[in-house]
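*Asks:* Any chance you could fold what I've pasted below:
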Amino acid sequence: MTPGPRNLITDVTGLRVGNAQDEVLKSGTTVLTADAPFVTSYAVMGGAPGSHETDLLEPDKTAPAVDALVLSGGSAFGLAAATGVMEALRTEGRGFAVGPARVPLVPAAIIFDLVNGGRKDWTENPYPALGAQAYAARNEMFEQGSFGAGTGALTAMHKGGLGSASLVLDNGVTVGALVAVNPMGSVTTDGEQHFWAAPFEIGTEFGGLGPDLRSGLGRKTDSRKMALIGGVQGANTTIAIVATDAALTKTQAKRMAVAAHDGIGRAIVPAHAPVDGDLVFAASTAARPLEDPLGGLAEIGHAAALCLSRAIARGVYEAEPKQGDALPCYRR
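*Replies:* Residues are numbered from 1 along each chain as shown. Okay, here's the model as predicted:
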């Protein structure tokens with residue numbers, strides 16, 4: 001396995017990602033879409049998720065594919081970003097056909113970034129507009145770090161961010177991940193230098209410092225974030241999309257999403273807490289046949305977890321300082 005040419009989720013041919021953010025609000029939205037509808041499922045392992053239209057992604061539900069996926073800040077307010085994306089898709093004539101009508105299907109998930117120092121005294125919900133702007137900005141190349149849904153993200157000890165990574169398997173199948181990193185836990189070991197994800201780093205994509213060689217790690221759960229927000233619970237969540245060009249059914253995509261959660265557990269400590277809303281979407285563009293339904297799917301799930309761990313570290317590593325930040329950046 002080697003990274004794709006961009007080392008982004010858009011190495012999966014046909015995918016596009018767009019970001020939009022408001023620096024005063026300290027929040028934003030990220031949209032993933034494709035030229036055609038794509039098979040999607042999801043898995044939740046956090047105790048406090050916030051989502052839109054996820055029930056239809058279950059394998060037993062009728063909808064065969066979706067038109068876009070949204071990752072957004074704003075807590076429940078941010079779910080309205082999907083409305084802006086739906087309106088844009090509707091003007092393009094896209095959507096699930098129901099007789100003469102077409103309904104764009106846009107599942108969404110959100111992080112809580114309402115106490116990060118940004119102004120939240122809006123009179124009109126800003127997220128539908130951010131969703132439309134992010135959709136309009138869709139491209140194969142996009143920014144990481146303090147952009148899109150990662151704009152106002154915070155980890156236990158550092159600013160969070162938006163991250164992405166990819167792998168091309170030996171059989172030519174491509175797998176990628178996109179993530180907004182806003183967990184209760186920390187992405188670094190004690191001392192804040194080494195990433196938990198360091199064993200999976202390729203080259204110097206998040207600094208090349210290598211793993212922490214000490215033993216007995218993980219027993220400290222220090223958190224600047226909790227001190228900052230006065231112990232408020234629920235101000236967290238890591239939300240992600242993993243994608244592949246292998247042809248997956250919704251059931252197989254569900255299994256890919258479940259496997260990808262290992263990437264969160266390897267890159268964030270602790271993970272999947274009652275106050276995290278950890279959710280992973282899994283998408284398939286179906287450009288390549290899945291030649292081995294069992295072994296091939298297992299390898300794709302493994303690659304998705306690797307990509308997600310790396311994307312988490314990259315999102316924090318690429319975060320940039322902004323005026324009024326509540327927490328320091330990893331690279332300060």
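
*Asks:* average pLDDT for the top helix by length along the chain?
*Replies:* Counting residues, the longest helix found in the chain (DSSP state H) is helix 295-317. The average pLDDT for helix 295-317 rounds to 96.

*Asks:* Now the lowest-mean-pLDDT helix or strand in the chain: buried residues?
*Replies:* Every helix and strand of the chain was ranked by mean pLDDT, DSSP states H and E. The lowest is helix 224-228, at a mean of 78. Within helix 224-228, the residues that count as buried by 16 or more other Cβ atoms under 10 Å are Arg224, Lys225, Met226, Leu228. C-beta: built from backbone N, CA, C; applies to glycine.

*Asks:* next SSE after it?
*Replies:* Next helix or strand after helix 224-228 toward the C-terminus (DSSP states H and E): strand 237-246.

*Asks:* what inclination does the following helix or strand past that next one have with respect to helix 295-317?
*Replies:* Where DSSP H and E defines the elements, the next helix or strand beyond strand 237-246 is helix 250-267. If you take axes from the mean of the first three to the mean of the last three Cα atoms, to 10 degrees, helix 250-267 sits at 40 degrees to helix 295-317.

*Asks:* what angle sits between helix 250-267 and strand 237-246?
*Replies:* Angle, helix 250-267 to strand 237-246, by the same axes, to 10 degrees: 130 degrees.

*Asks:* Tell me the helices and strands packed up against the next helix or strand after helix 250-267.
*Replies:* Scanning forward in sequence from helix 250-267 by DSSP H and E, the next helix or strand is strand 279-288. Strand 279-288 sits against strand 27-44, strand 237-246, helix 250-267, with contacts defined as 3 or more Cβ pairs under 8 Å, 6 or more residues apart in numbering; DSSP states H and E.

*Asks:* Mean neighbour count, these: which tops it?
*Replies:* Among the helices and strands packed on strand 279-288, the stretch with the highest mean neighbour count (mean count of other Cβ atoms under 10 Å) is strand 237-246, at a mean of 30.

*Asks:* circling back: for the longest helix of the chain, list the C-alpha coordinates in PDB.
*Replies:* This file holds the C-alpha atoms of helix 295-317, laid out as PDB (Å, rounded to 0.1, in the frame of the first residue of the first chain):
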ATOM      1  CA  GLY A 295     -10.500 -11.000   1.900                       C
ATOM      2  CA  GLY A 296     -10.800  -7.900  -0.300                       C
ATOM      3  CA  LEU A 297     -13.300  -6.300   2.000                       C
ATOM      4  CA  ALA A 298     -11.100  -7.000   5.000                       C
ATOM      5  CA  GLU A 299      -8.100  -5.300   3.300                       C
ATOM      6  CA  ILE A 300     -10.200  -2.300   2.400                       C
ATOM      7  CA  GLY A 301     -11.500  -2.000   6.000                       C
ATOM      8  CA  HIS A 302      -7.900  -2.200   7.300                       C
ATOM      9  CA  ALA A 303      -6.700   0.400   4.800                       C
ATOM     10  CA  ALA A 304      -9.600   2.700   5.800                       C
ATOM     11  CA  ALA A 305      -8.500   2.500   9.400                       C
ATOM     12  CA  LEU A 306      -4.900   3.300   8.500                       C
ATOM     13  CA  CYS A 307      -6.000   6.200   6.400                       C
ATOM     14  CA  LEU A 308      -8.300   7.500   9.200                       C
ATOM     15  CA  SER A 309      -5.600   7.400  11.800                       C
ATOM     16  CA  ARG A 310      -3.200   9.300   9.500                       C
ATOM     17  CA  ALA A 311      -5.900  11.800   8.500                       C
ATOM     18  CA  ILE A 312      -6.600  12.500  12.200                       C
ATOM     19  CA  ALA A 313      -3.000  13.400  12.900                       C
ATOM     20  CA  ARG A 314      -2.700  15.400   9.700                       C
ATOM     21  CA  GLY A 315      -5.700  17.500  10.600                       C
ATOM     22  CA  VAL A 316      -4.200  18.500  13.900                       C
ATOM     23  CA  TYR A 317      -0.700  18.900  12.400                       C
END
